[in-house]
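S.K.: Show me how the following folds:
(chains A and B)
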Amino acid sequence: MTQSPIIQIRNLSKSYGSKLVLKNLSLDIYPGQVIGYIGPNGAGKSTTVKILTGLIPEFSGEVLVDGISMQDNPQEIKKRIGYVPENAELYEVLTPMEYLDFIGKLYGLEDNLLQTRAQKLLMAFGLGNNINDRMDTFSKGMRQKVLLISGIIHNPQIIILDEPLSGLDANAVIMVKELITRLSQEGKTIFYCSHVMDVVEKVSDRILLINKGDIIADGTFESLKQDHSDTLERVFAHLTGRTESASETDAIINAFD
Amino acid sequence: MNTLMLRMVSALMPFLERTGVDTYQLYQILRIKLMMDDRRPSVMFAGRRKANATGKTSNPWLVSIGTIVMGVLTGFVLIVFKGPLIAQTVYFSMFMVLMSMTLIADFTSVLLDVRDQYILLPRPVDDRTLAISRILHISVYVFRLALLQGLGGLVIIGFMDGLPAVPLFLLQLILITFLSILLVNVVYLIMMHTVSPEKFKDIISYFQIVFSVVIFGCYYLLPRVIDFTSLVQIDLTQKVWAYFLPPVWIASLNEVLIHPSRATLLTSLLAILGITIPLAGLWLVAKVLAPGFNKRLATAATSDGNTSAPSVPAAIGNTQNKPSLVNQLANWLAPDPVENAGFRITWKLAARIREFKIKVYPALAYVPIYFLYFGLNGKGSIDERFDKIQSGSSYIFLVYLSTFVLSSILQHISYSEKFKPAWVYYALPVTQPGKILSGMYKAVVTLYYLPYCFIIGLVGVVIWGPKVINDIILASVIGMIYGLLMALFMVKGLPFSKPVLLKQSGGRVVTSLLITGLIGAVGFGHYLLSRWETVIWILIIPAIAVYWVMLYYYKRQGWDSIELEEF
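M.R.: Numbering: from 1, shown residues only, chains lettered A, B, ... in the order given. Predicted structure coming up:
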């Protein structure tokens, strides 16, 4: 690749008290890449995401997005990033239109543009009939759609998705997967965090596996496969140290005796 | 109202812009926050004003009118009290208490809203804008509240002390508001330093319980205990302890400026305190307390349990082996597995669900308050009236009154805002829901009613002597029968399995009155028989027998007697 990286992470470390959550992470991510970011619970995945989105301002090391340093100018970086958090936090007493209007204005979008874009996006996600309903009546899938829209409404260069498919029905899942591919063709960088291995396997063109604060695998699915085994699930199990899978299920079955 | 407030804030914008705040973002955040406040139901009055059908919307105007009415009612004390200082002191004390309670009860959820961390922080909003938006949001809320609440007093003072008193009164309102903010801030800060946000919410709900009990108690008992005619004439300037009460300082302002003839050097000094302390307090809040507060809030919100994770597995091993008292009780009282499950789930949920506690715990205090209210009815000095209670046999009345605890628990036991987890009752092969219900009833009785009767019994023995023991046992058992009747006819849902709704079928009220009337009659019979101690002792046996038989049939209820909820 001849392009310069859009995200550069150098020696990133973060600790909570005495517990080191991230150990000297270094990474280069290029425009148009779809990164599948996986790892067991407590590996440091969400901490990385929170640092990248500016939710955790205190860390050691360097994070550069589009050449801008996170420590110096987090606001400029936040403008370039769209974030869809894992826990579907929304202001439920608002309608999706009011919510998107609010979020869009925080990004400094101009009113007319924002109105039409929000409307179009809501229609496209199949929420056309619910534009003026309060979100406390929404199902989990509908809220997730609003959340997705609020992450892309300002047309960001980088989109960080944390379990974006939770609660979505099968058709919406297909749509979002296609959307990810289309967005990456447009040159957007996508950072996809998930525990669902088969989806990560399909959508990402580069997979990062983090364990205990270290990146222990980095490459395309093909290259990871050759080293270890045939599915991402197996690769994951192998690399995170889960070896004899039979003994666990044995214990479960034996519990009934 | 909000547009007016926003316009007032907009006037400040050019000034804020110079300090580096993004005023456009600030305006948007404030607009959306105020909009959400209007759509959020008021927590403060939720206990009394029953939730409406959706449980989520409330008319902002209705809440405002409620506040204004409350303010007018407090305003009347300005007319009632005659002595120097006392009227305004009482008024401002009430104002301060109401203000602080509303702030704590209603605004905690807003302040501890962790969603902001996920919704606002990832957007390009800088810290200064966020901090200012939070401060302005609180200010707008507080001053709207102060204005609505003070409106009544403002009009009344205009009539009493003439027009010049009105602007002064406005200033006094602002000053007392500052003091309330200081008070609330200190409370918050102490709480945030010592406990976690979840625990904090628990403590706040206890605050609300105590508050409603105090209001209720004052309303019923104060007129009985205190001689109002002398209180109305009291001269506060003669009482040294009064010099340390902030409302007195504020009230002194009116004394000095509107009634200069009555003013003394002392009141002038107090008036100076009344101006300086609130301003100093505001400075303290802005400079010292607020920054630390925001930082603590941020850490509380982002730490999402990362730090506590490792300690969990170690604890599990220990708790499993040692059966607790509750579990032993459960196994002994409800040996059937299904009944046992009903017993334990009711026991644990009732002790842990906040909204249930807020609704039910005040009832525990209402009983003695009612008792004293009726008992102290009559003539003579307070001591004489107390003597009268002691010489009579009104303790029987006290125990029967305790059934109020049972009925108010049963009224709420099947409702919960989080009723969804109750799907397990319907999904699992439970053939006899009566078993769950009887487990529930036993848990309610063991957890709340019997300990309550026990305490009343102890109090009774202390006041009236050991001869009351048999009466109290008999009355408690009859109370349990009453509760079972109530449960049979009134409780149509499994524990915590139904959404909170206003409408309950109308015919129930009649049934409830009939049952209560029946028990009242039984209680009266008990009262007539109470002279013959042995008869009471003997009567306990058939009462227990009746209870057992009823419980047996209660347990046999099938699904047809339970109202199903749709999930």
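S.K.: tell me, what residue is most central in chain A?
M.R.: Centroid-nearest residue in chain A: residue A:161, 2.4 Å away (criterion: C-alpha atoms, centre = their mean).
S.K.: and it, bridged to which residues?
M.R.: residue A:84, residue A:192 (DSSP bridges).
S.K.: Looking at it now. What's its pLDDT?
M.R.: With respect to pLDDT, residue A:161 scores 93.
S.K.: got it, and the one 4 residues further on?
M.R.: At residue A:165, the predicted lDDT confidence score is 89.
S.K.: That one is in contact with residue A:202, isn't it?
M.R.: No - contact criterion C-beta atoms under 8 Å: residue A:165 and residue A:202 do not qualify, at 11.6 Å. All C-beta spots, glycine's among them, are computed from the backbone N, C-alpha and C.
S.K.: mind listing what the residue nearest to the centre of chain A touches?
M.R.: Applying C-beta atoms under 8 Å, 6 or more residues apart in numbering or on different chains to residue A:161 gives the contacts A:84, A:148, A:151, A:180, A:190, A:191, A:192, A:193.
S.K.: tally of neighbours for the first one?
M.R.: The criterion is other C-beta atoms under 10 Å in any protein chain shown. On that basis, residue A:84 has 20 neighbouring residues.
S.K.: circling back to that earlier point, out of residue A:165 and residue A:202, which sits in the busier spot?
M.R.: residue A:165 (19 against 14).
S.K.: Give the phi and psi angles for that one, as a check.
M.R.: phi -90, psi 0 (degrees, to the nearest 10).
S.K.: Quick check, pLDDT for the nearest residue to it once chain neighbours are set aside.
M.R.: In this structure, residue A:165 finds its nearest non-sequential neighbour in residue A:173, 5.2 Å apart by C-beta to C-beta, 6 or more residues apart in numbering or on different chains. On the pLDDT scale, residue A:173 is placed at 91.
S.K.: Quickly find the element holding residue A:173.
M.R.: Assessed by DSSP states H and E, residue A:173 sits inside helix A:170-185.
S.K.: ok, residues contacting that helix?
M.R.: Outside helix A:170-185, the residues that touch it by C-beta under 8 Å, 6+ apart are A:32-34, A:125-126, A:141, A:145, A:148, A:152, A:159, A:161, A:164-165, A:168, A:190, A:192, A:199, A:202-203, A:205.
S.K.: Filter those down to the ones in helices?
M.R.: A:141, A:145, A:148, A:152, A:199, A:202, A:203 (DSSP state H).
S.K.: now these as JSON lines including pLDDT and distance to residue B:510?
M.R.: Below are the ones in helices among the contacts of helix A:170-185 laid out as JSON lines (pLDDT from 0 to 100; distance: C-beta to C-beta, whole Å):
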{"residue": "A:141", "pLDDT": "88", "distance to residue B:510": "45"}
{"residue": "A:145", "pLDDT": "92", "distance to residue B:510": "49"}
{"residue": "A:148", "pLDDT": "92", "distance to residue B:510": "53"}
{"residue": "A:152", "pLDDT": "92", "distance to residue B:510": "59"}
{"residue": "A:199", "pLDDT": "88", "distance to residue B:510": "59"}
{"residue": "A:202", "pLDDT": "87", "distance to residue B:510": "64"}
{"residue": "A:203", "pLDDT": "89", "distance to residue B:510": "64"}
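S.K.: now the residues you listed: which count as buried?
M.R.: The neighbour-count test (16 or more other C-beta atoms under 10 Å in any protein chain shown) marks A:141, A:145, A:148, A:152, A:199, A:203 as buried among the ones in helices among the contacts of helix A:170-185.
S.K.: Identify, from these, the entry nearest to chain B.
M.R.: residue A:152 (12.8 Å; C-beta to the nearest C-beta).
S.K.: from what I can see that closest one touches residue A:82, true?
M.R.: Yes - with contact defined as C-beta under 8 Å, residue A:152 counts as touching residue A:82 (5.1 Å).
S.K.: what residues are shared contacts of these two?
M.R.: Common contact partners of residue A:152 and residue A:82 (C-beta under 8 Å, 6+ apart): residue A:159.
S.K.: I'd like the distance between residue B:35 and residue B:22.
M.R.: 20 Å (C-beta to C-beta, to the nearest Å).
S.K.: For residue B:348, give its distance to residue A:90.
M.R.: Taking C-beta to C-beta, one finds residue B:348 at 31 Å from residue A:90.
S.K.: Residue B:386 too?
M.R.: Applying C-beta to C-beta to residue B:386 and residue A:90 gives a distance of 58 Å.
S.K.: Then residue A:11?
M.R.: Residue A:11 is 35 Å from residue A:90, by C-beta to C-beta.
S.K.: which one of these two has more residues nearby?
M.R.: residue A:90 (21 against 12).
S.K.: so the more buried one, which of the three states?
M.R.: Assigned state for residue A:90: coil (three-state reduction, DSSP: H, G, I helix; E, B strand; the rest coil).
S.K.: For it, give me phi and psi.
M.R.: According to degrees, to the nearest 10, residue A:90 has phi -140, psi 160.
S.K.: Any stretches of the stretch 51-200 of chain B with poor pLDDT?
M.R.: B:51-61, B:63, B:82-84, B:106-114, B:197-198 (pLDDT under 70).
S.K.: Within range of chain A, give me the residues from it.
M.R.: B:56, B:114-115, B:117-126 (C-beta under 8 Å from any C-beta of the partner chain).
S.K.: Name the member of these with the shortest distance to residue B:244.
M.R.: Nearest to residue B:244 out of those is residue B:114 (C-beta to C-beta; 38.7 Å).
S.K.: Got the domain ranges for chain B?
M.R.: Using automatic domain parsing, the domain parsing of chain B gives B:2-76+B:91-228, B:325-561.
S.K.: would CSV of these with mean neighbour count and distance to residue B:245 be doable?
M.R.: Shown next, in CSV, are the domains of chain B (neighbours: other C-beta atoms under 10 Å in any protein chain shown; distance: least, C-beta to C-beta, whole Å):
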stretch, mean neighbour count, distance to residue B:245
domain B:2-76+B:91-228, 17, 7
domain B:325-561, 17, 25
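S.K.: Tell me if I am right that residue A:21 is in a strand.
M.R.: Yes - judged by three-state DSSP, residue A:21 forms part of a strand.
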